[in-house]
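Q: got a predicted model here, sequence first, then my questions.
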Amino acid sequence: MTETVLLGQILRFTGDPFKGDPVDATRIESAGAVVIDHGKIVQTGPAADMQAQYPNATVINHGDDLLLAGFVDAHVHYPQTRIIASWGKRLIDWLNSYTFPEEIRLADPAYARAIASDYLDLALAHGTTTVCSFCTSAPTSVTAFFEAAASRNMAVVAGKTCMDRNAPDALTDTPQRAYDESKTLLDRWHGAGRARYAITPRFSPTSSREQLEALGALWAERPECLMQTHLSEQVDEVAWVRTLFPQAHDYLDTYEHAGLLGQRGLYGHAIHLAPREIDRLSEVGAALVHCPTSNTFIGSGLFEMAKLKARHISVGLATDTGGGSSFSMLRTMAAAYEIGQLCGTPLHAAQLLYLATEGSARALHMHHDVGTLAEGSAADICVLDLRSTPAISQRAHRAQGFWDAVFPTLMMGDDRAVRQVYIAGRAVL
Ligand code: GUN
Ligand code: ZN
């Protein structure tokens, strides 16, 4: 099999743009090439050099479109695809009014398969090549998702969402069932092809202490897995956790006490954190996931990126479909920028793109395979048209340099900007 060479503008990260000048952590090749062989990236560099080194390669010319790693969405709920953009509720009412009734419907395996398929096609159309998803409490919803991802050869993380209280009977399990079903799914899917498993207690309000402990015990037996949950999203939720766990220091302690705080832990939202919680997250090396469109849509609050990055906490970026109001990581970067402005610390385009690719991949501990254009990574690539609409085009026309040309697409772009997506070197759009 001969190599494939993709030509275009290439953006890579050579470091962390949250340390020092963001631009110094990037490498831009304005007439660049990505060389792909057997689904992996072999090399990137100037187009002329790459074409000289690989004279027999198949060449696909993307002109001056931007080639970068496919987006990595670090926190989604695929079962909420049909209820995205549901009006007027805050978190707990939103869960009870929209989310739980829809999640019950996914107990039907045929329905779960249809939603998983629609969701992953939407993600790909928006340039997202890897996602980390909550499923429902029905094991068949997990199977449906992993099968749909495998048929698209996508690297994904997912897990059965465990709940044993404060949710409809049709969605609740028990500590033992949560443990048993999670373990069976984990043994079946973790490391099967490109799939990874995340042990998934929904959040402390819907799990008893016994259930959190059962899942903590499972994580101790299978420490190679990820663990995902929610943390301190809304003020009312934090107050509720205080009444449900009167003995805990704080919200994070409800997880830590059960063995659910660790380096491979992913904590979604993390807005209303006490200093002790930030200290512990930093000490342990856990990852937080910023869900900016969700945090404004459900009225949760402002994620303090600069403060948390200053503590060297790993942060991923996510749509939080369907609490978030978009499937697009471009829209999500725009919202992260706006929240940064409200906090007095606007993010640079390089920081936004890093969060949406390598930052999320690092949070998921998958950066050796996805989220970068490094040699040896899977060729999961997103190709962006930087003039995808008249509004963006007229602004990009005026741009002074690379970052000024990219920024309008980050702020105003959507799936129309996604010209092509490659999964392991195969074009999928
Ligand atoms: N907290 C617990 N469950 C959920 C959920 O499904 N979405 C969001 N945004 N927050 C949650
Ligand atoms: Zn969530």
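A: That came in fine, so what should we check first? Ligands and ions are numbered 1, 2, ... in the order given.

Q: got any ranges where the stretch 301-429 of the chain has weak pLDDT?
A: Within the stretch 301-429 of the chain, no range satisfies pLDDT under 70.

Q: show me what from this protein comes close to ligand 1.
A: Residues of the chain that fall close to ligand 1, judged by CB under 6 Å from any ligand atom: 77, 91, 95, 99, 202-203, 230, 233, 294, 298, 320, 323. Backbone N, C-alpha and C define where each C-beta goes, glycine included.

Q: who in the stretch 251-400 of the chain is up against ligand 2?
A: Proximity of the stretch 251-400 of the chain to ligand 2, by CB under 5 Å from the ion, involves residues 268, 320.

Q: what is the burial count for the closest residue to ligand 1 within the stretch 251-400 of the chain?
A: The stretch 251-400 of the chain approaches ligand 1 most closely through G323 (3.1 Å), counting by CB to the nearest ligand atom. G323: 29 surrounding residues under other CB atoms under 10 Å.

Q: next one: S86
A: Neighbourhood size, S86 [other CB under 10 Å]: 17.

Q: one step back: most neighbours, which of the residues of the chain next to ligand 1?
A: Among those, D320 has the most neighbours (other CB under 10 Å), with 31 neighbours.

Q: that one and Y78 touch, don't they?
A: No. Judged on CB atoms under 8 Å, D320 makes no contact with Y78 at a distance of 11.5 Å.

Q: wait, is N96 part of a helix?
A: Yes. Under DSSP: H, G, I helix; E, B strand; the rest coil, N96 sits within a helix.

Q: pLDDT score for it?
A: For N96, the pLDDT comes out at 98.

Q: with T2 instead?
A: 85.

Q: quick one: residues contacting it.
A: Contact analysis of T2 by CB atoms under 8 Å, 6 or more residues apart in numbering lists 56-58.

Q: any chance of JSON lines for those, columns pLDDT?
A: Converted to JSON lines, those look like this (pLDDT from 0 to 100):
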{"residue": "N56", "pLDDT": "96"}
{"residue": "A57", "pLDDT": "97"}
{"residue": "T58", "pLDDT": "97"}
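
Q: buried only: go through those residues for me.
A: A57 (16 or more other CB atoms under 10 Å).

Q: out of the contacts of T2, flag the one nearest to V35.
A: A57 (6.8 Å; CB to CB).

Q: so that closest one sits against V5, correct?
A: Yes. Counting by CB under 8 Å, V5 is a contact partner of A57 at 4.4 Å.

Q: joint contacts of the two?
A: Joint contacts of A57 and V5 (CB under 8 Å, 6+ apart) are 35, 51.

Q: so I271 is in which element?
A: Using DSSP states H and E, I271 sits within no helix or strand.

Q: ok, the closest residue in space to L91 that isn't next to it in sequence to ligand 2 distance?
A: Spatial nearest neighbour of L91, excluding adjacent residues (CB to CB, 6 or more residues apart in numbering): Q234 at 4.6 Å. When distance is defined by CB to the ion, to the nearest Å, Q234 is 12 Å away from ligand 2.

Q: and for V284?
A: Noted for V284: a distance of 21 Å to ligand 2, by CB to the ion.

Q: picking up where we left off before, F134: which of the residues of the chain next to ligand 1 is nearest?
A: Using CB to CB, the residues of the chain next to ligand 1 come closest to F134 at H77, 4.6 Å.

Q: quick check: the closest one touching A318?
A: No. Counting by CB under 8 Å, H77 stays clear of A318, with 10.2 Å between them.
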